[in-house]
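Student: Compute the structure for the input listed below.
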Amino acid sequence: MPSCLLSLSVPKGWRTPLGVFVHPIPAPRHQLHNGRLDQGCDTIMDETLSSGAKRQLRKQLTAFFLTTFVFTWGLFASALAFGFAQPPIIILGVWGPTISALVVTALFYGTDGLRRVLGRFQAREGLKWFLPLLGFFLVFGFAGRFIGSAAVGIEFDPKFWGWAWVAQVMLMQLLIPGLGEEFGWRGFALQRLQHIMTPVKATLVIAFFHLLWHAPTYWLGQGMHNVPAIWAVFFLLPWTVLFTWAYNRSNGSILVSVFFHATSGVSLSIAAFLPGEQVVPITPDLITMTWLPDGLMGPYLGAAVLYWALALYVLRGGFGGLGKPPKFEHPVEKGQG
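Tutor: Numbering: from 1, shown residues only. Next up, the predicted model:
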């Protein structure tokens, strides 16, 4: 089989639980990318898909987003209505994207699809990224704290709560938002979106749904940043760009996305949310507020500015740019593609 064909390990015409068929889809012999002629399938946006294949990807994405929001928002709404908004309920809700990704994958691909998803965990690739990510984001956290403090005219406090505190935050970030979200946002949604649109557009779609999905946390009092919502958006946009870069550059390793989530969470905690410091409570008031008094915004904005600088550098081609989406086995309806 030519190298420009997507390789599959299932027989042609294999039927999944939802009646979807899978077969290789050839790429054009030549494709133009970034002003140069490329051979085969290694393109920034997969223009080789038939209309049937794209339609199937959109069905899967629709099923994923609907399931994610119904699961998480339904759980959070029930918790608020019946007064049991306790940490275990919140944690289960945070796991909505991963649970939804696994459910939708099973519906479309069966157990074979689940094995493939778990195979993309790529432990060896993830472990290669862990220490560089941790070191980078620790430096990023202190730099953001320094820049933000200086910008609002408050004294820079270099205090650090030690490696035990870092380990605690890291473990929490790994087990709750890392594993709970990244199989969904990056491992499922970003993977598919990049094969029907450019990586930049796919990143914006992920950012929009990710931010919207977080909205109920303002009523729960936890799970969102202790800053006005507009500034949370300001931070999360470049953060999502860097997520796409890490996912593509690691060839779609879900573990790298989990580590990225955890280490960047430690970084932001150092920059803006060290324990014992003054923070505002998370309430719906933050949705309409635009600023916080007494220099509380400084360290957070310092971190956000650094993320924007790095994201813009990547978007201009730095560090190789956003890169190419990992190869993906595209489902198509029988007789199409």
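Student: Please enumerate the helices of this structure.
Tutor: Taking DSSP state H as the criterion, the chain contains helices spanning 51-82, 87-94, 96-119, 123-151, 162-173, 179-184, 191-193, 199-214, 217-220, 229-249, 254-272, 285-288, 298-315.
Student: Next, format those helices as JSON lines and append mean neighbour count and mean pLDDT.
Tutor: C-beta here means a position set from N, CA and C on the backbone, and glycine is covered the same way. As requested, those are exported to JSON lines (neighbours: other CB atoms under 10 Å; pLDDT from 0 to 100):
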{"stretch": "helix 51-82", "mean neighbour count": "17", "mean pLDDT": "93"}
{"stretch": "helix 87-94", "mean neighbour count": "17", "mean pLDDT": "89"}
{"stretch": "helix 96-119", "mean neighbour count": "18", "mean pLDDT": "92"}
{"stretch": "helix 123-151", "mean neighbour count": "17", "mean pLDDT": "85"}
{"stretch": "helix 162-173", "mean neighbour count": "14", "mean pLDDT": "87"}
{"stretch": "helix 179-184", "mean neighbour count": "24", "mean pLDDT": "96"}
{"stretch": "helix 191-193", "mean neighbour count": "23", "mean pLDDT": "95"}
{"stretch": "helix 199-214", "mean neighbour count": "18", "mean pLDDT": "96"}
{"stretch": "helix 217-220", "mean neighbour count": "17", "mean pLDDT": "89"}
{"stretch": "helix 229-249", "mean neighbour count": "21", "mean pLDDT": "95"}
{"stretch": "helix 254-272", "mean neighbour count": "25", "mean pLDDT": "90"}
{"stretch": "helix 285-288", "mean neighbour count": "14", "mean pLDDT": "91"}
{"stretch": "helix 298-315", "mean neighbour count": "20", "mean pLDDT": "91"}
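Student: need those in CSV with distance to residue 327, can you?
Tutor: Supplementary listing: the helices of the chain in CSV, determined by distance: least, CB to CB, whole Å:
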stretch, distance to residue 327
helix 51-82, 14
helix 87-94, 30
helix 96-119, 12
helix 123-151, 15
helix 162-173, 29
helix 179-184, 18
helix 191-193, 10
helix 199-214, 14
helix 217-220, 35
helix 229-249, 11
helix 254-272, 15
helix 285-288, 40
helix 298-315, 21
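Student: who wins for proximity to residue 321 among these?
Tutor: Of all these, it is helix 298-315 that lies closest to residue 321, at 6.4 Å by CB to CB.
Student: for that closest one, packing partners?
Tutor: Judged by 3 or more CB pairs under 8 Å, 6 or more residues apart in numbering; DSSP states H and E, helix 298-315 is in contact with helix 123-151, helix 229-249, helix 254-272.
Student: any chance of those in TSV, plus distance to residue 193?
Tutor: Converted to TSV, those look like this (distance: least, CB to CB, whole Å):
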stretch	distance to residue 193
helix 123-151	21
helix 229-249	10
helix 254-272	14
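Student: Figure out which of the ones you listed is closest to residue 49.
Tutor: So among the helices and strands packed on helix 298-315, helix 229-249 is nearest, using CB to CB, at 18.0 Å.
Student: Which elements pack onto the closest one?
Tutor: Using 3+ CB pairs under 8 Å, 6+ apart: helix 229-249 touches helix 199-214, helix 254-272, helix 298-315.
Student: give me that answer again for 10 Å
Tutor: Counting contacts by 3 or more CB pairs under 10 Å, 6 or more residues apart in numbering; DSSP states H and E, helix 229-249 packs against helix 123-151, helix 191-193, helix 199-214, helix 254-272, helix 285-288, helix 298-315.
Student: so how far is the first one from its chain's centroid?
Tutor: Helix 123-151 has its C-alpha centroid displaced from the chain centroid by 17 Å (CA atoms, centre = their mean, to the nearest Å).
Student: next one: the third one
Tutor: With CA atoms, centre = their mean as the basis, the distance from the averaged C-alpha position of helix 199-214 to the chain average is 8 Å.
Student: Using PDB, write out every CA atom in it.
Tutor: Written as PDB, here are the backbone C-alpha positions of helix 199-214 (Å, rounded to 0.1, in the frame of the first residue of the first chain):
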ATOM      1  CA  PRO A 199      -5.100  23.600  13.700                       C
ATOM      2  CA  VAL A 200      -5.700  27.300  14.500                       C
ATOM      3  CA  LYS A 201      -9.500  27.000  13.900                       C
ATOM      4  CA  ALA A 202      -9.600  23.700  15.800                       C
ATOM      5  CA  THR A 203      -7.800  25.400  18.700                       C
ATOM      6  CA  LEU A 204     -10.300  28.200  18.800                       C
ATOM      7  CA  VAL A 205     -13.200  25.700  18.800                       C
ATOM      8  CA  ILE A 206     -11.700  23.800  21.700                       C
ATOM      9  CA  ALA A 207     -11.100  27.000  23.600                       C
ATOM     10  CA  PHE A 208     -14.700  28.100  23.100                       C
ATOM     11  CA  PHE A 209     -16.200  24.800  24.300                       C
ATOM     12  CA  HIS A 210     -13.700  24.400  27.100                       C
ATOM     13  CA  LEU A 211     -14.500  27.900  28.500                       C
ATOM     14  CA  LEU A 212     -18.300  27.400  28.100                       C
ATOM     15  CA  TRP A 213     -18.000  24.000  29.900                       C
ATOM     16  CA  HIS A 214     -16.400  25.700  32.900                       C
END
